[in-house]
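Student: Let me see the structure of the following:
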Amino acid sequence: MLDIKFLRENPELVKENIRKKFQDSKLPLVDEAIRLDKEKRAAQQEVEQLKARRNKLSKANGPLFGQLKKCEDEAKKAELQAQIDANNALVKADDDRRAELDKLQSELEVKLREVMYLIPNIIDPSVPIGKDDSENVEVERFGEPTVPDFEVPHHVDIMARFDGIDKDSAGRVAGMGFYYLLGDIARLHEAVLVYARDFMIDEKGFTYVIPPFMMHGDVVKGVMSQADMDGMMYKIEGEDLYLIGTSEHSMIGRFIDQIIPEQQLPLTLTSYSPCFRKEVGSHGLEERGVYRIHQFEKQEMIVVCRPEESMEWYDKLWKNSVELFRNMEIPVRQLECCSGDLADLKVKSCDIEAWSPRQQKYFEVCSCSNLGDAQARRLGIRVKGADGKLYLAHTLNNTAVAPPRMLIAFLENHLQADGSVTIPACLQPYMGGKKVLLPKHE
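Tutor: Numbering: from 1, shown residues only. You can find the predicted model right below:
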């Protein structure tokens, strides 16, 4: 969410930013926000004028009461009382008007906030301009993508060779978009998560956190756009609670309405959580596999920092993902998200995509985002500087790993011609020392 003062002073810049995101339908929101802000400030100005007049009238009544108390002339007393009554009537009228204005200001504040929530954040100048994800830009590749000289089966078929997945039973229990993982595949799933956790703690120095897996509606609105909220979040019926779609949301929500001493920054946190998503939209669920599903687990990275440090942390975060995947011997690339593919709160974002030997293309496994002060402004996350002044923090997030999606890349890139799957050195301690997984059947 933008600063209303910034929007007030730079309406054309804000409109140009909306055009860069190809969201022209939102252009009228800028003028609407300016109108609501003007009305709100006019109401506030009138309130201040009424307060000043009330103080003046109250001050004037003091001497009048004193004169009335001492006066013996009935005509003069009547005149003084009439003046006092007139002043009191004005005070009463002003108090009634102030009550109306206070209500109007509250209504205008709600409307203005709703409009401001819909206006996209200002994107970084380095963001490539494009309409949608088809115009995202490849920046760099890490590791050589290879295509084996044997056919790579669908990832569900690979898992099935190890008796490692049961979607049919999951469908009977919970419906489409769920799964059972079993045996070596289930252990591999957990090994990847635990390795990613230890990588972030031991090698990158992040603090490990297990967050709440539910959160209140005000936190949801503070960390994500309404469109994403509608398409992602599961609401708990009859309660002000939502299941988290990613731990980033409850991790950032931890600091709602908090003032953080500057010397504590940056806060570098890594969290584990299950994630739940409705997956409403054009992409839908993946009917057969586990690429897009209702339930998965994730190891996440979160940073809360000073504004001048956020771009430096942005680069560190996505490079963490590259290093993590290369340690697991999976070729990846960095894909810069274009303006039209950025969610409204994001300043800059990129995906880390893993190579799929079966499809002979890359697919998303991590998403790194710098949200500037958007989430902090919505949630009231402030920093107290050394000079005692308060300012808004910047927030960033990035996926470490999110299996079972990540398992697709792992299994395809480590599959051997005989159907076995090799285990890279970094994961072997988490797999009981196993260097290879042998299929139970073809």
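Student: quick one, what contacts Tyr242?
Tutor: Neighbouring residues of Tyr242 by Cβ atoms under 8 Å, 6 or more residues apart in numbering: 214-217, 220, 233-236. Quick note: C-beta positions are derived from backbone N, CA and C, even for glycine.
Student: need the contact list for Ile119.
Tutor: Neighbouring residues of Ile119 by Cβ under 8 Å, 6+ apart: 1-2, 7, 14, 18, 26, 29-30, 33, 344.
Student: next one: stretch 17-30 to chain centre, how far?
Tutor: 21 Å (Cα atoms, centre = their mean, to the nearest Å).
Student: what does that stretch contact?
Tutor: For stretch 17-30, the surrounding residues in contact (Cβ under 8 Å, 6+ apart) are 7, 11, 14-15, 115, 118-120, 122-123, 129, 131-132, 339-340, 342, 344.
Student: and those residues, which are buried?
Tutor: 7, 14-15, 115, 118-120, 122-123, 339-340, 342, 344 (16 or more other Cβ atoms under 10 Å).
Student: Checking Asp304 next. Helix, strand or coil?
Tutor: Just to correct that, residue 304 is Val rather than Asp. strand (DSSP: H, G, I helix; E, B strand; the rest coil).
Student: Leaving out the residues flanking it, which one is nearest to it?
Tutor: Leu267 (4.2 Å; Cβ to Cβ, 6 or more residues apart in numbering).
Student: And the one you found, how far from Gly205?
Tutor: According to Cβ to Cβ, to the nearest Å, Leu267 and Gly205 sit 12 Å apart.
Student: of those two, who's got more company?
Tutor: Neighbour tally, Leu267 and Gly205, criterion other Cβ atoms under 10 Å: the higher count belongs to Leu267, 17 against 9.
Student: Can you tell me the closest non-neighbouring residue to Asn51?
Tutor: If you look again at residue 51, you'll see it is Lys, not Asn. Leaving aside its sequence neighbours, Lys51 sits nearest to Arg98 (Cβ to Cβ, 6+ apart; 7.5 Å).
Student: Now do the same contact list for that neighbour.
Tutor: Arg98 makes contacts with 47, 50-51, as judged by Cβ under 8 Å, 6+ apart.
Student: ok, so of these, who is nearest Thr146?
Tutor: Val47 (69.7 Å; Cβ to Cβ).
Student: That closest one: neighbouring residues, count only.
Tutor: 18.
Student: distance of it from Arg98?
Tutor: Val47 is 6 Å from Arg98, by Cβ to Cβ.
Student: now do Asn320
Tutor: 54 Å.
Student: sorry, back to before: let me have the contacts of Ile119 in a markdown table, extended by distance to Glu364.
Tutor: Listed next are the contacts of Ile119 as a markdown table, based on distance: Cβ to Cβ, whole Å:
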| residue | distance to Glu364 |
| --- | --- |
| Met1 | 26 |
| Leu2 | 28 |
| Leu7 | 32 |
| Val14 | 29 |
| Ile18 | 26 |
| Lys26 | 26 |
| Leu29 | 30 |
| Val30 | 32 |
| Ala33 | 33 |
| Asp344 | 19 |
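Student: which among those residues end up buried?
Tutor: 1-2, 7, 14, 18, 26, 29-30, 33, 344.
Student: Flag the least confident of these.
Tutor: Ranked by pLDDT, those bottom out at Met1, which has 81.
Student: Can you pull the poorly scored residue ranges out of this protein?
Tutor: The chain contains residues with pLDDT under 70 at 55-89, 91, 280-287.
Student: ok so, going back, what is the nearest of the buried ones among the contacts of Ile119 to His414?
Tutor: Nearest member of those to His414, counting by Cβ to Cβ, is Asp344, at 38.1 Å.
Student: Grab the nearest non-local neighbour of the closest one.
Tutor: In space, Asp344 is closest to Pro120, 4.2 Å off (Cβ to Cβ, 6+ apart).
Student: Assign the one you found to helix, strand or coil.
Tutor: Pro120 ends up coil, using three-state DSSP.
Student: so what's it up against?
Tutor: For Pro120, the contacting residues are 17-18, 21, 23, 26, 342, 344-345, by Cβ under 8 Å, 6+ apart.
Student: okay, those residues in CSV with distance to Leu324 and secondary structure next?
Tutor: Shown next, in CSV, are the contacts of Pro120 (distance: Cβ to Cβ, whole Å; DSSP: H, G, I helix; E, B strand; the rest coil):
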residue, distance to Leu324, secondary structure
Asn17, 33, helix
Ile18, 36, helix
Lys21, 30, coil
Gln23, 34, coil
Lys26, 37, helix
Leu342, 24, coil
Asp344, 28, coil
Leu345, 25, coil
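Student: just these now: which is nearest Arg358?
Tutor: Closest approach to Arg358 among these (Cβ to Cβ): Leu342, at 29.5 Å.
Student: Let's verify Phe22: helix, strand, or coil?
Tutor: What three-state DSSP gives for Phe22 is coil.
Student: Any figure for the gap between it and Asn370?
Tutor: 20 Å.
Student: between those two, which one's more packed in?
Tutor: The neighbour count for Phe22 versus Asn370, taken as other Cβ under 10 Å, is higher for Asn370 (25 against 15).
Student: which residues does the more buried one contact?
Tutor: Shown in contact with Asn370 (Cβ under 8 Å, 6+ apart): 124, 310-311, 313-314, 346-349, 394, 396.
Student: ok, now how distant is it from Arg35?
Tutor: 31 Å.
Student: Confirm that Cys366 sits in a strand.
Tutor: Yes: looking at Cys366 with three-state DSSP, it is inside a strand.
Student: Any chance you could list what contacts stretch 385-394?
Tutor: By Cβ under 8 Å, 6+ apart, the list of residues contacting stretch 385-394 reads 255, 259-260, 262-263, 265, 304-307, 309-310, 370-373, 376-377, 381-384.
Student: Contacts for stretch 128-143, please.
Tutor: 20, 22, 322, 325-326, 329-341, 350-351, 355.
Student: May I see the ChimeraX selection of the buried members of these?
Tutor: Entered in ChimeraX, the line below selects the buried ones among those, by 16+ other Cβ under 10 Å:
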select :20,322,325,329,330,331,332,333,334,335,336,337,338,339,340,341,350,351,355
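Student: so of the contacts of stretch 128-143, which ones are in helices?
Tutor: 20, 322, 325-326 (DSSP state H).
Student: Out of those, flag the one nearest to Gln299.
Tutor: Phe325 (12.5 Å).
Student: Right, I'll leave it there.
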